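Visitor: mind folding the following:
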Amino acid sequence: MNIIDLGLVGYKEAETLQLERLQSVMDGQTDNTLFLLEHPKVITYGRQGGGENLHVGKEFLARQGITLAQTTRGGNITCHFPGQLVGYPIWKVEKRPGGIRAFFHDMESTVINTCARFGVQTARRKGYPGVWVDENRKICSMGIGVRKWVTYHGLALNVGPDVSLFNLITLCGIQGASPTSLSMEADREISVRDVKDVFREEFEKTFAHTAVVAHQTARGREVCRNS
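Guide: The predicted model follows:
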């Protein structure tokens, strides 16, 4: 697998990089890739929309220097900003045991394990993709797109103490949901740099393990066919 740190990069630029790598992975020219990055302030809609959950007008966003972008990921409306770790896995899921559902589960596991290493206990919430603290505080949003069994887009883990951009939207279109972050839950300031290093380790452990499982499963099927 390739893990590439893009630093702070604009949303449209990152989208272009994703699509280029997506085509390369689909064509078999490049290995699975994880982009790690931060975005300048941007509010994004999912494939199903989300404009009804934006609380301010486009003119206000323009004055504040906040970009508004339509995306091809699943999910509703969300925010990205410096102090939030974004991960975009460009990943083949066709031969992974469990397919897309297991891929999502593994992304959530990576985030849960990362948060635990900073002393923050998180969990899944049934029916709501992403990672949560208790039932209503969301620490990580997730939404992917898939082309020819290769994923793109991914996850956004709130790290820094300032999550005020979420005040401009109904978080993911979920009534009653509120944003939180690692720094808020740990009651100390945590840097994206530190979280990025831990997330990389946890991602490699989770996804290397599932790659081994997939390989073993494929070998087992071969043995069955030849027996």
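Visitor: what about the chain, any weak spots by pLDDT?
Guide: Applying pLDDT under 70 to the chain flags residues 209-227.
Visitor: would you map the helices across this structure?
Guide: 11-26, 58-63, 99-116, 182-186, 192-226 (DSSP state H).
Visitor: report the contact partners of the spatially most central residue of the chain.
Guide: For the chain, the residue nearest the mean C-alpha position is residue 155 (0.8 Å; CA atoms, centre = their mean). Counting by CB atoms under 8 Å, 6 or more residues apart in numbering, residue 155 makes contact with 86, 87, 107, 111, 130, 140, 141, 142. No exception for glycine: its C-beta is placed from N, CA and C like everyone else's.
Visitor: which of those residues fall within strands?
Guide: Among the contacts of residue 155, the ones falling in strands (DSSP state E) are 86, 87, 130, 140, 141, 142.
Visitor: list just the nearest of those residues to residue 101.
Guide: residue 142 (12.5 Å; CB to CB).
Visitor: pull the contacting residues for that closest one.
Guide: So residue 142 contacts 75, 104, 107, 108, 129, 130, 131, 154, 155, 156 (CB under 8 Å, 6+ apart).
Visitor: separation between residue 21 and residue 11?
Guide: 16 Å (CB to CB, to the nearest Å).
Visitor: rewinding a little: and the residue nearest to the centre of the chain, bridged to which residues?
Guide: residue 87, residue 142 (DSSP bridges).
Visitor: how close does it get to residue 74?
Guide: Residue 155 is 12 Å from residue 74, by CB to CB.
Visitor: hmm, back to that, make CSV from the ones in strands among the contacts of residue 155 and add distance to residue 70 to it.
Guide: Shown next, in CSV, are the ones in strands among the contacts of residue 155 (distance: CB to CB, whole Å):
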residue, distance to residue 70
86, 17
87, 21
130, 20
140, 22
141, 16
142, 18
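Visitor: circling back to that earlier point, select, out of the helices of the chain, the one closest to residue 169.
Guide: helix 58-63 (10.8 Å).
Visitor: neighbours of the closest residue to residue 117 other than its chain neighbours, how many?
Guide: Closest residue to residue 117 apart from its sequence neighbours, by CB to CB, 6 or more residues apart in numbering: residue 198 at 5.2 Å. Applying other CB atoms under 10 Å, we find 18 residues neighbouring residue 198.
Visitor: now residue 198: how far from residue 154?
Guide: Counting by CB to CB, the gap from residue 198 to residue 154 is 17 Å.
Visitor: returning to that earlier point: filter the ones in strands among the contacts of residue 155 down to the buried ones and hand me the PyMOL line.
Guide: Here is the PyMOL command that selects the buried residues among these (16 or more other CB atoms under 10 Å):
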select buried, resi 86+87+130+140+141+142
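Visitor: and the ones in strands among the contacts of residue 155, which is closest to residue 40?
Guide: Using CB to CB, the ones in strands among the contacts of residue 155 come closest to residue 40 at residue 86, 11.4 Å.
Visitor: hang on, that closest one packs against residue 153?
Guide: No: taking contacts as CB atoms under 8 Å, residue 86 lies outside contact range of residue 153: 9.5 Å.
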